[in-house]
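[1] Have a look at this prediction, sequence included:
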Amino acid sequence: MDFTLKGQDKNSKARAGEIVTAHGTIQTPIFMPVGTVGSVKAVHFNDLKNDIGAQIILGNTYHLYLRPGLDTLQQAGGLHKFNGWEKPILTDSGGYQVYSLSGTRKMKEEGVVFQSHIDGSRHTFTPEKVMDIQRVIGADIMMAFDECTPYPCDYDYASKSMDLTHRWLKRCIQQFDNTEPLYGYPQTLFPIVQGSVYRDLRIKSAEEITSHGREGNAIGGLSVGEPVEIMYELTELVCSILPEDKPRYLMGVGTPANILESIALGIDMMDCVMPTRNARNGMLFTSQGIINIKNEKWKNDFSPVDPNGMSYVDSQYTRAYLRHLFQAQEMLAPMIASVHNLNFYLWLVGEARKKILEGNFAEWKNKMVKQLTTRL
């Protein structure tokens, strides 16, 4: 994987870059649609590629390991061949999913023992096994196995958890470096900065992650319930330590406003289930603000979802029609809404990139954030 900086904003830390992988080039800053089980919910890959303009999607190690399973994925030739997505894929390590199974998992130095949410069967994830699983999946970018701490979290727990994540990282790196890709193209490993909401722990973790000199770095354990001001403060702090010549990935973020603010702090890559999850519940993000399309006020509104027209959704469907589909519980409703939201997110980061290269991102961002947080 190669990363090249193409430009920097004059009045913020926002950067425009380019990541080159075996499955294609990614223009940063970038938002990555979440494809947990090998698909982005309710969205066809043709829409993802041709209308939405997704350059990279996520898969999840935990979910893909359980179903369809490693044998199927390996026989298919990896996730790219299995699902037909020809562009880059990033896989989360499963650490967040294991964190969310707090009632049915047991953590220890060796790894994590957990119960499947599907059938209750017991499994063990170690750093080595997680690397091997991601080799089988065949992602272009693999994440190190870490523990994502909850919020709130006391200092002692956060410190011990961070140290465990660092020890696991060394084992991940050793296993990664001692194994080869399975499908004839290179893969990349990103370490993850942890440390909860404690500045000294975040500094220590960022310095430890940087010392390993990998090709990119991630920031985890944020956007888990802490105040947004703390998330921004710690993101800025960690970005000041992570190397400038490597991509920075802020995991699990976020709203359109979160995305623009994070870009301003020096983040290059983001992902979140919000655009598709909220779409399925009738929440639409637009350049003018946020719409709950189920509200009565849209019943006879025959204007486009977004008057600025980001996608074919805006040229073909009105607010009134989309509301009708939701009221009728028609399965087309979450499909149209998901395409719209993802298209808007990709449009937003594309516009951010243009403004960075023009050198006027900060001014545009401040104006856009006000609009994006307005409830229509």
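    It's in.
[2] distance of the residue positioned nearest the centre of the chain from residue 304?
    Geometric centre of the chain, nearest residue: residue 271, 1.9 Å, by CA atoms, centre = their mean. When distances are taken as CB to CB, to the nearest Å, residue 271 and residue 304 turn out to be 27 Å apart. For glycine as for every other residue, the C-beta is placed from the backbone atoms N, C-alpha and C.
[3] Quick check: closest non-adjacent residue to the residue sitting furthest away from the middle of the chain.
    Most distant residue from the mean C-alpha position of the chain: residue 300, 35.9 Å away (CA atoms, centre = their mean). In this structure, residue 300 finds its nearest non-sequential neighbour in residue 320, 5.7 Å apart by CB to CB, 6 or more residues apart in numbering.
[4] Which secondary structure element is home to that neighbour?
    For residue 320, the element it lies in under DSSP states H and E is helix 319-327.
[5] May I ask you to confirm that residue 192 is in contact with residue 218?
    Yes: with contact taken as CB atoms under 8 Å, residue 192 and residue 218 are classed as touching, separated by 4.6 Å.
[6] if I read this right, the residue nearest to the centre of the chain contacts residue 36, doesn't it?
    No: with contacts counted by CB under 8 Å, residue 271 stays clear of residue 36, the gap being 10.6 Å.
[7] shared neighbours of the two, anything?
    Residues within reach of residue 271 and of residue 36 at once, by CB atoms under 8 Å, 6 or more residues apart in numbering, are residue 58.
[8] Packing partners of the helix or strand encompassing residue 161?
    Assignment of secondary structure by DSSP H and E places residue 161 within helix 155-177. Here helix 155-177 is seen to pack against helix 127-137, strand 188-190, helix 199-211 when contacts are counted using 3 or more CB pairs under 8 Å, 6 or more residues apart in numbering; DSSP states H and E.
[9] how about the longest helix along the chain: buried residues?
    Counting by DSSP state H, the longest helix found in the chain is helix 332-358. Buried positions in helix 332-358, judged by neighbour count with 16 or more other CB atoms under 10 Å: 333-353, 355-356.
[10] likewise stretch 218-227?
    Neighbour-count burial for stretch 218-227 flags 218, 219, 220, 221, 222, 223, 224, 226 (criterion: 16+ other CB under 10 Å).
[11] ok, the third one - contacts?
    When the contact criterion is CB under 8 Å, 6+ apart, the partners of residue 220 are 95, 96, 146, 148, 192, 193, 194, 251, 252.
[12] Please pull out the lowest mean pLDDT helix or strand from this structure.
    When each helix and strand of the chain is scored by mean pLDDT, DSSP states H and E, helix 95-100 comes last, with a mean of 70.
[13] what element comes up after that helix heading to the C-terminus?
    Sequence order places strand 105-107 as the next helix or strand after helix 95-100, per DSSP H and E.
[14] Check which helices and strands that following strand sits against.
    Strand 105-107 sits against strand 112-115, with contacts defined as 3+ CB pairs under 8 Å, 6+ apart.
[15] I'd like the next helix or strand past the strand it packs on.
    The helix or strand immediately downstream of strand 112-115 is strand 122-125, counting by DSSP H and E.
[16] correct me, but residue 166 touches residue 207?
    No: under the criterion of CB under 8 Å, residue 166 makes no contact with residue 207, lying 10.5 Å away.
[17] who's more crowded, the two?
    A direct count of neighbours by other CB atoms under 10 Å for residue 166 and residue 207 places residue 166 higher, at 19 against 13.
[18] can you list the weak-confidence ranges in this protein?
    Counting by pLDDT under 70, the low-confidence segments of the chain come to 98-99, 101-103.
[19] let's see 50
    Applying pLDDT under 50 to the predicted model, the chain contains no residue that meets it.
[20] before we move on, the earlier item: ok, the residue nearest to residue 300 - contacts?
    Residue 320 makes contacts with 298, 299, 300, 301, 302, as judged by CB under 8 Å, 6+ apart.
[21] how about residue 234, phi and psi?
    Backbone geometry at residue 234, expressed as degrees, to the nearest 10, gives phi -70, psi -30.
[22] Spell out which residues sit in contact with it, please.
    Contact partners of residue 234, counting by CB under 8 Å, 6+ apart, are 195, 197, 199, 202, 219, 222.
[23] Swap in 7 Å and give it another go.
    If a contact means CB atoms under 7 Å, 6 or more residues apart in numbering, then residue 234 has 197, 202, 222 as its contacts.
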